[in-house]
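Trainee: everything below, folded, please.
(one chain, ligands or ions: 1)
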Amino acid sequence: MKIYSANWRRSVISLVGTILLGSAIAPSQEHIGQISQQLTTKQGVKYWTTRGNVVPVCWETTGYDREKQISKSAVMNSWGYWTNITFTGWGSCPTSGDAELVRIRIGPQGPENAGAGGQARIGEDALSKAADNSPGMNLGFDANVADQGRVEYVAIHEFGHILGFIHEQDAPRRCCRRSTNLWNSPSKRRKS
Ligand SMILES: [Zn+2]
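Mentor: Predicted coordinates for the structure are as follows:
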């Protein structure tokens, strides 16, 4: 399914998951269902539609190769797969010039929150030039030992902000519905 067209404000993402249950006698595949839920974007956000749905990404910080690879794979296999957004680059950020990129700065983090955290600006506001010294995304990792699942969660979450989404708990109140999606599942509603 493709989302992120020019005229959407609230979009729907569907996630289909399957798990394989096996037994010694007869392995069987169980379909565990599909979740469809609208996500909320920031009012007045500048969508990437104005840039051909291309999000240019670069790393400001050297090192953290493991966490970078986990993050990139998580983003490409989630937002990159389920939307028609193209994430380009993923190399080292230029240190000069006027290129506007989603610059990601990484800092050290201790073992709290399973060794990973982050924050990001919303939509195209995440773009910056080298001289701005204002990366659109900041990530923190406990290098080489951060929990892989937590790194994946943080990366997907922060790139959700990059695409324009806000926290569902910050969205205008909607009647009679609780958020239970992967974006803000109650068990993962940490500061990130
Ligand atoms: Zn967030």
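Trainee: so for stretch 119-129, mean pLDDT?
Mentor: Per-residue pLDDT values over stretch 119-129 give a mean of 97.
Trainee: revised request: answer the last question for stretch 158-171.
Mentor: Stretch 158-171 comes out at a mean pLDDT of 91.
Trainee: buried set for that stretch?
Mentor: 158-166, 168, 171 (16 or more other C-beta atoms under 10 Å). The way it works is simple: take the backbone N, C-alpha and C, and place the C-beta from them, glycine included.
Trainee: same question, stretch 86-96
Mentor: In stretch 86-96, counting by 16+ other C-beta under 10 Å, buried: 87, 90, 93.
Trainee: next one: stretch 126-136
Mentor: 126-130, 135-136.
Trainee: between those residues, which is nearest residue 51?
Mentor: Looking at these and their distance to residue 51, the nearest is residue 127, at 8.8 Å (C-beta to C-beta).
Trainee: what sits against the closest one?
Mentor: Contact analysis of residue 127 by C-beta atoms under 8 Å, 6 or more residues apart in numbering lists 100-102, 136.
Trainee: how much space separates residue 43 from residue 172?
Mentor: 9 Å (C-beta to C-beta, to the nearest Å).
Trainee: so the two - more neighbours on which side?
Mentor: Between residue 43 and residue 172, counted using other C-beta atoms under 10 Å, the more crowded position is residue 43 (9 against 6).
Trainee: what about that one, is that helix, strand or coil?
Mentor: The assignment at residue 43 comes out as coil when based on DSSP: H, G, I helix; E, B strand; the rest coil.
Trainee: circling back: quick check: the farthest pair among the buried residues of stretch 126-136?
Mentor: Going by C-beta to C-beta, the pair spanning these furthest: 126 and 130, at 14.7 Å.
Trainee: could I get the contacts of residue 127 in TSV, plus columns for distance to residue 108 and secondary structure?
Mentor: Listed next are the contacts of residue 127 as TSV, based on distance: C-beta to C-beta, whole Å; DSSP: H, G, I helix; E, B strand; the rest coil:
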residue	distance to residue 108	secondary structure
100	27	coil
101	23	strand
102	21	strand
136	20	coil
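Trainee: the residue lying closest to residue 62 once chain neighbours are set aside: what's it in contact with?
Mentor: Leaving aside its sequence neighbours, residue 62 sits nearest to residue 92 (C-beta to C-beta, 6 or more residues apart in numbering; 7.3 Å). Residues counted as contacts of residue 92 (C-beta under 8 Å, 6+ apart) are 58-60, 62.
Trainee: elements contacting the longest helix anywhere in the chain?
Mentor: Among the segments of the chain that qualify as a helix by DSSP state H, the longest is helix 148-163. Packed against helix 148-163 by the contact rule (3 or more C-beta pairs under 8 Å, 6 or more residues apart in numbering; DSSP states H and E) you find helix 65-77, helix 79-82, strand 116-120, strand 137-141.
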